Structures are given as C-alpha cells and as structure tokens.
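Novice: the following block contains a protein sequence and its predicted model.
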Amino acid sequence: MQNHPVYTDNDPQTEYSTLNLGPTHPATHGVFQNVLQMDGERIVSGVSTIGYIHRAFEKIAEHRPFYQITPLTDRLNYCSSPINNMGWHMTVEKLLNIQTPKRVDYMRVIIMELARIADHIICNGVLGVDTGAFTGFLYMMEHREEIYEIYEEICGSRLTTNIGRIGGFERNFNKIAFDKIRKFLVRFPPVLREFEALFNRNRIFVDRTKGVAAVTAEQALSYSWSGPILRATGVDYDVRAMEPYSSYEDFDFEVPVGENGDVYNRFLVRNEEMWQSLRIIEQALNKIEKEPTDIFHADVPAFYLPPKEEVYNNMEALIYHFKIVMGEVDTPTAEVYHAVEGANGELGFYLVNDGGRSPYRLHFRRPSFINYQMYAPMSKGMLLSDAIINMSSLNVIAGELDA
Amino acid sequence: MGKIANETLLQKLTDKFGEQVAQTGADYGLLTVETNKEVITDVLTFLKTDAALQFIFLTDLTAIHYPDQEKQIGVIYHLHSLTTNTRIRIKVFLTLDDLHIPTASTIWDGANWMERETYDFFGVIFDGHPDLRRILNVDDMTVFPMRKEFPLEDPNRIDKKDYFFGR
Amino acid sequence: MSDIQIVEAPAGVEGSGFFATSMDKAIGLARSNSLWPLPFATSCCGIEFMATMGSHYDLSRFGAERLSFSPRQADLLMVMGTISKKMGPVLRQVYLQMAEPRWVMAVGACASSGGIFDTYSVLQGIDEVIPVDVYVPGCPPRPEAIIDGFMAIQQLVRTESLRRREEPKYQELLAKYGIQ
C-alpha cells in the first residue's frame, strides 16, 4: 500500500548522494553500518558492514569448559539471555544424555517465556518509538523491570543472567519468585491490551508500517529467516512446535502467523506471541504445583556441582567437586546440533566434542546474523524512514549479529 | 508428512550419487554424510528440489579445522526439511593448499553471509560467490583466526606480563 | 506529589540584594546539572542504559534529560559496551568531534578493560584510544551503578576549574593520545 511514486531504473534522476547510516547512528539501536546511495529520500542501493563488536565467541568457547560458556551465551542476545543460557545447557545435556526432571523443564519454560516477553517488549516498544510514539515504550519498559526482578529473585542478576546450570538450576525458586511471576501474570495483560489498543488500529502507526518491507515466504526461506519475522510471512516454523525441547510438547499454545511479512505483521505476530507466552507460563505454573517441590536439577553428580556444605562434609561430593572443577569428567566424542526458539529466530548450537572438557568447536547459529543479511537488498527502493522502521522490526541485536 | 528415516534418506542419496556420498555418523539421530566438492552443488540442489525431500531451509553453514588430518578444513552444511521436519548434516573436507569449494549462494540467498563468515574465519574460498570479503574481522587482517594455530589472545599485547598469570 | 528539589547555591558572599561567587562555581553548577550525554551504546550495557533512561530509574532527574546523538553538542561521552578493534577508530573520531569541555565515562567491564573478552578482536579498554574520567564496573552495571557513575561525573564537573582544560597537565594527557 505505497501511496508514493516508486523509484524505477528508468528514472531520469542520476545524481545520487551517499549517506552513511551508522555505525553509531541514533536510529539504528546498535552498531550497524549501512552505506546507502540515496536519490532524495529514496534508497537506490545499500551495503551493510558488520563486525563492529566482533568479540570472537567461538574462539573463546574453544578455550573454556562447558559450564564457563554459559556467561558467553548471555552476551549473544542480551535482551533475552535466559533463552541462550538454557539453549546451551540443553545442548550439553543432549551431548551427555542427561534427562532433566519435568519440574526443571517447566521452570525453564517459565523463564524462557518471560525472556521472550522481555525481548518482544523492547522490540515492539522501540518500533513504536521509531514511528514517533514514545508512550508505548514507557508503559512497557516498566513491566520489563518486573521481569528483571523475577530474574533477580532466581539468579541474582538482571540482564546477563547466567541462569541455571548444566542439569538444571543452581537453586530452587523461592516463594517470592513464584509470587512475583503470578503478580506479573496479573499485572501485565491489561498493559499489553492497552499497548495493543494504542497501536493496532492507530491510523499513524498503521500508515507507517502497513505494506512496508513486505517479504514473501519464498524470499524469507531463501534467506534462511526464522522466528517472528519468518512467521509474519505466513510460514509456521517454530522450533518449540516442530522439535519440542524442555517439554514444550506438554503445553497448549498457538504459533501465530502473519500474512505478507510487512512491518505491521511482524508487530502483530510479536504481540500475539507475548499472549501465547503468558498462556504457557500460566500452564507451567499449574503443572509445577503437581511436581515434587524440592527437585530443581537432574541427578547428575558428575556434571552438577554439589552444594558447598556437602563438599566440606561429604567425601563423595568432594570428589565430584574436584573432578568437575579440574575437568576430569569424561565426555563422549560426538557432535550435536541443538536448536531452541530464540526471541528472534532459531538459535542453534553446533557442538563438536572430542572428549575433553571444552568443545573442540562450537558454532552458534545466530538468528540476528542470518536475518540481517536481507536488510540491504530489501532496502532497495525504500524510503529512508521506512528502512529505519524495517531495521527496528527485524530486531537485530548487535551482540548476536557479530558474535 | 512424517520424519524421513535416516536409512531412506541415505538410500536416496546413494541411489543418486553412488559412492560420492557416504554416511559418517548419525549422532543423536542426525544423519551426517560426507561428500566431495565436485558434487556438493548437485547434492545440495538435489536435496532442495527433490519432491519427497524438500530440504528448502539452509539452517547453518560453517567450517571446522582438524590440524592433524590430511584434509584439514571441513565445510559443514546443516539443512532442514520443513515439510518433513528432518535435518541432515553434510560435510566436505578440503586440503589446505586447495581451499576452493563451489558456493551455495546460488541455491540459497542466505548462504551469502554464512560463506563470508566461513571465509573470514577459516579462509575457505567459495568459487562463484558474489562478494567474498571479510565480514566480522577488520579488512586488513591477514590470518584466519578460527584455525587452531591462531591464539585466542591478541599476540601483540605488551601490557600482559606472563608472570602475573603464573606462566 | 512530586518533591521538587532545587540545587543549593555554591558558597559565596551574600548580602541584601546581591550574591557573589566565583565564575568557576557558578558555571560548574550549571554545567553539572545540564549535562548532555552522548550514549555510545554498542552492546549489553546499552540495554541497561535504556533502563536507566526509562521511567523506572529516570536519568533525567539528574539533568541529563536531553540525549545528544550528535557529538558536536554533547558534553559527556558514555561508552557502553564492547569496543572492538574495528570500532576503535570510530570511537576516537566521535571523541575528536566533541567540543571542550568534554568528559568520558566508561560504562561496564568491556569499555573499562575488555571484560571477559580477552581476544584478538577486542580493544582492552577504551583508555587505549581516548582518555577516560570515570569507570563504572559491572557486567553490565546495574542502572543504579550507571547513575552513581553519572553523579561522579557531575562531581567532577562541579569542582573543576574553568581553566583546567588549558593546563599543561591536561594538554600532556591529550598529547599522549595524539590528540591536539
């Protein structure tokens, strides 16, 4: 629904100006550089440069034991670090054939879905800011703080959570944590409803986003898109439904899909995903009540660090503590690919193990990196202001982009 | 459609390519096959276009370095068939003096940056790639940092004295 | 009800109808309560900065309501997140574009020292390319810590003499970084 003349190659205009969008442009929410050829307000061609915060995660991972890689995964997509943490833990558990108890799975699901909500709050809030509506952002950010408080109650940290351990959690959820989750489930839906009321039928917002950067399903699949932006094009690919991990098969939820993959559809898909996440959390809370309350990790003494008091008083615990810390535990020589549904796509871990304490090779399939590569080609012919909104709705996180 | 069994999948590949494709493992149920760079484009195209397989989704493309092998660098493709929910891993090994392999960016647009990343880290040259430049590292870098011989820490640092770290 | 507080006047001589203080103090007072920060947010700490600016923590209480995304009008460069070697020259360019007086705050472990990323691609602290006034520890620092760092900058601004930027010591520091 473009109500302006579309640029064609036969246009008589030949003088283009070059615009350097980034690497520190305020409209790009992160460190991306795009050198754009501009014909007035319209983009003729663009070249993306990335790597401005390349931190060599994969190289570091080859030098760290498995449990020390968790803090690295925090810093991939730092808007939803628990998903990355748990994705990594589940990869190692798959490698070691560890079966986690149901209660652990449900606890993980709660935290992962909270993280998804936190991530979508930022993405959709910022999309509002970029179209000129600051209010929605401020409404939603307050509730992201509530999610952070839940994290704090569980692991003591807000953003880079380092939550959980291989085999489960480092400690049980306390009563306050459960209370806070329940409180969030009560307090957040009205705000989300209000947020949707502010945007979904808002004339200005709809005009700015509808039809902008529409992508067909074929294009999206050819560019290996995944996550909400792929679902906005109408492909119902969600790792949670396709290859359920962490007992997602026990939950009743829907995978929202869009129609034409434009910015508006992506916005709607993300909003709907937040509703579905709330549904999942509620189900998980009910399921947890039926599980024994004292289980919060799998029984794998060879990989799960024993509590400190036991290390001091119990011979066996001391031996395991020593073995884990000194890296004396045998691991299988194998390779494993495990994927989780990150907040903006399929987050995959390809781990090649040679039996040592650290991976021989660890490759992250980073959705932001793969989703972002279509940005420059698809910006062709777009207005600059539309390209900015498009970038916000792709939700590219610099840490995940550059690894 | 349900998941394709590994045996069926392997049978289809060997029917078509004979001994050019061989299974090397199926860790955790994920079929891993090895092939060579002469037929890799055909294998990928076959997997993508065959009506029963439809591996239309290129999940991941990366490489690995084994310094002790004769063919040191392995290029690894992960494909996903969304209709049948099957995954497959394909490996091609290359020698250090001939790191050329045909590009997959003619089959999937998304392979473009993944190949650039692989080139950046391992120095694999993808023939026919539209724009094979470094992507994450600085342009004037001369080494390929993910190879095993390259150190993790910056070798040019002067502020880090070994005796502070007990080594 | 909001509890509006007005900053106290600096020490000076007061009489009926007049108040005299030194220029340093008056300008320091004005400057410290109207800093325009330039958020140079690259990674995780940038998200915590978002929280600091957001409704819950609200950095504008300290007079930093107005973010200046142009370095020309900014007083305070807040570097938040990992600076890689590819980014180093960009950061330096941004610093050079800022007008004196300018202050720099390194937020988070990465900006201060490279943090956990002791690798070939990461700059081990931004003080390798530009001079830094205040370091804020944390990975990432909590919003309270960022505010604390900001208040330390305010303290610096308030107590700095107007001529400090022309002192040989300061010139020497800049020369060490090759900045004129």
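Specialist: Perfect, I can see it now. Residues are numbered from 1 along each chain as shown, chains lettered A, B, ... in the order given.

Novice: and residue 55, what does it touch?
Specialist: This is for chain A. A:75, A:399, A:402-403, C:82, C:84, C:117, C:119, C:121-122 (C-beta atoms under 8 Å, 6 or more residues apart in numbering or on different chains). Just so you know, the C-beta spots here come from the backbone N, C-alpha and C atoms, and that holds for glycine as well.

Novice: not quite, I wanted chain B
Specialist: Per C-beta under 8 Å, 6+ apart, neighbours of residue B:55: B:47-48, B:79-81, B:86, B:88.

Novice: most neighbours, which of the residues you listed?
Specialist: residue B:80 (25 neighbours; other C-beta atoms under 10 Å in any protein chain shown).

Novice: and it, that's in a strand?
Specialist: Yes. With DSSP: H, G, I helix; E, B strand; the rest coil as the criterion, residue B:80 is part of a strand.

Novice: all strands for the chain, in order.
Specialist: The chain I'm using is chain A. Along chain A, counting by DSSP state E, strands occupy A:17-21, A:33-39, A:42-49, A:333-342, A:345-354, A:361-365.

Novice: should've been chain C
Specialist: So, for chain C - with DSSP E - the strands run C:13-15, C:18-20, C:37-41, C:76-80, C:103-107, C:134-136.

Novice: does chain A sit close to the last one?
Specialist: Meaning strand C:134-136. No. Strand C:134-136 is not in contact with chain A by C-beta under 8 Å from any C-beta of the partner chain; minimum separation 14.2 Å.

Novice: need the CA coordinates for stretch B:68-87. CSV is fine.
Specialist: The C-alpha trace of stretch B:68-87 is given here as CSV (Å, rounded to 0.1, in the frame of the first residue of the first chain):
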residue,chain,number,x,y,z
ASP,B,68,46.1,-33.5,12.2
GLN,B,69,44.2,-34.6,9.3
GLU,B,70,45.4,-34.7,5.7
LYS,B,71,42.3,-32.8,4.6
GLN,B,72,42.3,-30.2,7.3
ILE,B,73,39.3,-27.9,6.7
GLY,B,74,35.8,-29.3,6.8
VAL,B,75,32.9,-27.3,5.5
ILE,B,76,29.7,-28.3,7.2
TYR,B,77,26.1,-27.7,6.0
HIS,B,78,23.0,-28.2,8.1
LEU,B,79,19.8,-28.5,6.1
HIS,B,80,16.3,-28.7,7.3
SER,B,81,13.3,-30.0,5.5
LEU,B,82,10.4,-28.1,7.0
THR,B,83,7.7,-30.2,5.5
THR,B,84,9.0,-33.5,6.8
ASN,B,85,10.8,-32.0,9.8
THR,B,86,14.1,-33.8,9.0
ARG,B,87,17.6,-32.4,9.4
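
Novice: for it, list every residue counted as buried.
Specialist: Neighbour counts over stretch B:68-87 (16 or more other C-beta atoms under 10 Å in any protein chain shown) mark B:72-81, B:84, B:86-87 as buried.

Novice: distance between that stretch and the chain's centre?
Specialist: 6 Å (C-alpha atoms, centre = their mean, to the nearest Å).

Novice: before we move on, back to that, wait, which of the strands of chain C is closest to residue A:214?
Specialist: In terms of C-beta to C-beta, the element of the strands of chain C nearest to residue A:214 is strand C:37-41, at 30.1 Å.

Novice: what parts of chain B come near chain C?
Specialist: Counting by C-beta under 8 Å from any C-beta, chain B sits next to chain C at B:136-138, B:145, B:150-155, B:157, B:159.

Novice: which of these ranks first by neighbour count?
Specialist: residue B:136 (25 neighbours).

Novice: so which elements touch the helix or strand of chain C with the lowest mean pLDDT?
Specialist: Counting by mean pLDDT, DSSP states H and E, chain C has its least confident helix or strand at helix C:44-53, which shows a mean of 87. Applying 3 or more C-beta pairs under 8 Å, 6 or more residues apart in numbering or on different chains; DSSP states H and E, we find helix C:44-53 packed against helix A:134-155, strand C:37-41, strand C:76-80, helix C:108-113, helix C:143-159.

Novice: just put the ones you listed in a markdown table and tack on distance to residue A:169.
Specialist: Below are these laid out as a markdown table (distance: least, C-beta to C-beta, whole Å):
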| stretch | distance to residue A:169 |
| --- | --- |
| helix A:134-155 | 8 |
| strand C:37-41 | 31 |
| strand C:76-80 | 30 |
| helix C:108-113 | 25 |
| helix C:143-159 | 26 |
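
Novice: want to try CSV for those, with mean pLDDT as columns?
Specialist: Shown next, in CSV, are the helices and strands packed on helix C:44-53 (pLDDT from 0 to 100):
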stretch, mean pLDDT
helix A:134-155, 89
strand C:37-41, 90
strand C:76-80, 92
helix C:108-113, 91
helix C:143-159, 93
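
Novice: picking up where we left off before, could I get the residues of chain B next to chain C as JSON lines with secondary structure, distance to chain A and pLDDT?
Specialist: Below are the residues of chain B next to chain C laid out as JSON lines (DSSP: H, G, I helix; E, B strand; the rest coil; distance: C-beta to the nearest C-beta, whole Å; pLDDT from 0 to 100):
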{"residue": "B:136", "secondary structure": "coil", "distance to chain A": "4", "pLDDT": "90"}
{"residue": "B:137", "secondary structure": "coil", "distance to chain A": "6", "pLDDT": "89"}
{"residue": "B:138", "secondary structure": "coil", "distance to chain A": "8", "pLDDT": "88"}
{"residue": "B:145", "secondary structure": "coil", "distance to chain A": "6", "pLDDT": "91"}
{"residue": "B:150", "secondary structure": "coil", "distance to chain A": "8", "pLDDT": "89"}
{"residue": "B:151", "secondary structure": "coil", "distance to chain A": "9", "pLDDT": "87"}
{"residue": "B:152", "secondary structure": "coil", "distance to chain A": "5", "pLDDT": "86"}
{"residue": "B:153", "secondary structure": "coil", "distance to chain A": "9", "pLDDT": "82"}
{"residue": "B:154", "secondary structure": "coil", "distance to chain A": "10", "pLDDT": "78"}
{"residue": "B:155", "secondary structure": "coil", "distance to chain A": "13", "pLDDT": "73"}
{"residue": "B:157", "secondary structure": "coil", "distance to chain A": "14", "pLDDT": "72"}
{"residue": "B:159", "secondary structure": "coil", "distance to chain A": "19", "pLDDT": "70"}
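
Novice: low-confidence regions, chain C specifically.
Specialist: For chain C, the stretches flagged by pLDDT under 70 are C:1.

Novice: residues from it in reach of chain B?
Specialist: C:85-86, C:118-121, C:124.

Novice: pull the most distant pair out of these.
Specialist: Longest span within these, C-beta to C-beta: C:86 and C:118, 16.9 Å.

Novice: compare these two (neighbour count), which wins?
Specialist: residue C:86 (25 against 17).

Novice: pretty sure the more buried one sits against residue B:140.
Specialist: No. Taking C-beta atoms under 8 Å as the definition, residue C:86 is not a contact partner of residue B:140, at 10.4 Å.
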